[in-house]
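[1] what follows is a predicted protein model with its sequence.
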Amino acid sequence: MSGDSHSEHIVPVGVYVGVFLALMVLTALTTAVAFVDLGPLNTVVALTIAVIKMLLVVLFFMHVRYNKGLTRIVIVAAFFWLGIMMALMLADELTRRWDMYPEPWSTLLPFISKFL
Amino acid sequence: MAELAAHAHPAGMAHQFEDIEQQRDAGRLGMWIFLATEILFFGGMFTSYTIYRELHLAAFETGSRLLEVQFGATNTAVLICSSLTMALAIRAAQTGRKKGTIIFWLILTMILGATFLGLKFRFEWYHDYVENIVPGLGFKNRAEWGPLAPQVQMFMCFYFFMTGLHALHMVVGIGMLTVLLIMTARNRFSAEYYAPLEISGLYWHFVDIVWIFLFPLLYLIGGRYAMGGH
């Protein structure tokens, strides 16, 4: 049959090693930053670095950069579903205690009431 | 039989596919659909972690500081190394290298996976046991936690369930690598057909990604800077 079916993209070793080094540097960076007091930004920085590392693994190690569109739709759908789960559960949880604990939501109430 | 011979396919190619390329795409798509269910499976835990962290932030930060960051960071590095060796094992098959090369990278990946589990079970969890911070196994409340103690224990439950479920996936991954090793030794793969390697690689990298998120969530974002060195 098809002897020409070798259209598969083969990632150069250099790209793998480059991605590997980037992941190692980002791991060292996120660990070092954890020991610096940035206030609420600590969480933001840690999760941003984690997302960058995930993208590196998904795009290069998992070959998604070279895959067909259908695979990408499945991946985007998976994270969209994860987003629905998190957003709806947090929307419930974060708004439950408005009447019990006035802070900090009460500061929003005058603003919201303008639209009611 | 003559008819079957006329329909001869390349080794590893199933009858229902047009060509090996279509088979590869179908295999990848199927694996990603499975990984989508895995994302939601772990996602349930990440969501409940987020909600309880929001409810009991101080206790979760106290709990996070009980963990030893050097174990988490070392294991992150070990897993990233194992992802590289897994990618190189698949590349060795794609480029039609000798089976010895594929076996070398697979064994290296298994050793790194076992190193991760060894560090976690033998050193980290043992350390947690000695420190009396394992819920259900001699967990001791500390005076400085005050009224936060029950929620600190809940953080430790999250820690053990999340890292435990991740470790279970690592054990499954090492089992898959064992099967791949046997298949490689039996000359089942070629530059044309390496689907089991690639599909298992996707799983291995996925487990790596789960850890990439567990590491900052459990070890790093607990106000560790307040501890002064370590």
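    Yep, that arrived.

[2] C-alpha only now, for contacts and for neighbours.
    OK.

[3] in chain A, which spans are strands?
    For chain A, none of the segments meets the definition of strands by DSSP state E.

[4] contacting residues around residue 27?
    Went with chain A since none was named. Taking Cα atoms under 8 Å, 6 or more residues apart in numbering or on different chains as the contact definition, A:T27 lies against B:73, B:76-77.

[5] the intended chain is chain B.
    Taking Cα under 8 Å, 6+ apart, one finds B:195, B:199 in contact with B:G27.

[6] if we can go back for a sec, most neighbours among the contacts of A:T27, which one is it?
    Of all those, the most densely surrounded is B:T76 (23 neighbours; neighbours counted as other Cα atoms under 10 Å in any protein chain shown).

[7] gap between that residue and B:F213?
    Remark: distance between B:T76 and B:F213 (Cα to Cα, to the nearest Å) = 10 Å.

[8] residue contacts, the spatially most central residue of chain B?
    The residue at the geometric middle of chain B, judged as the C-alpha nearest the mean C-alpha position with Cα atoms, centre = their mean, is B:V207 (2.6 Å). The contact partners of B:V207, by Cα under 8 Å, 6+ apart, come to B:166, B:169-170.

[9] let's have those in CSV, adding secondary structure and pLDDT.
    Listed next are the contacts of B:V207 as CSV, based on DSSP: H, G, I helix; E, B strand; the rest coil; pLDDT from 0 to 100:
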residue, secondary structure, pLDDT
B:H166, helix, 98
B:H169, helix, 98
B:M170, helix, 98
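
[10] any idea which of those residues is the one closest to chain A?
    When these are compared for distance to chain A (Cα to the nearest Cα), B:H166 comes out closest, at 15.9 Å.

[11] for that closest one, give me its contacts.
    Contact partners of B:H166, counting by Cα under 8 Å, 6+ apart, are B:207, B:210-211.

[12] now, those residues that are in helices?
    For the contacts of B:H166, the ones inside helices are B:207, B:210-211, with DSSP state H as the criterion.

[13] what is the distance between the lowest-mean-pLDDT helix or strand in chain A and the centre of its chain?
    Confidence across the helices and strands of chain A bottoms out at helix A:109-113, with a mean of 75, counting by mean pLDDT, DSSP states H and E. Distance of helix A:109-113 from the chain centroid (Cα atoms, centre = their mean, to the nearest Å) equals 32 Å.

[14] equivalent analysis for stretch A:39-52, please.
    Mean-position distance between stretch A:39-52 and its chain equals 10 Å (Cα atoms, centre = their mean).

[15] would you map the helices across chain A?
    So, for chain A - with DSSP H - the helices run A:13-33, A:41-56, A:69-94, A:109-113.

[16] list the contacts for the closest residue to chain A within chain B?
    Of chain B, the residue with the smallest distance to chain A, taken as Cα to the nearest Cα, is B:Y225 at 3.9 Å. Residues near B:Y225 by Cα under 8 Å, 6+ apart: A:34-37.

[17] measure A:T95 to B:E54 for me?
    12 Å.

[18] neighbour-wise, which of those two wins?
    B:E54 (14 against 10).

[19] alright, calling it a day.
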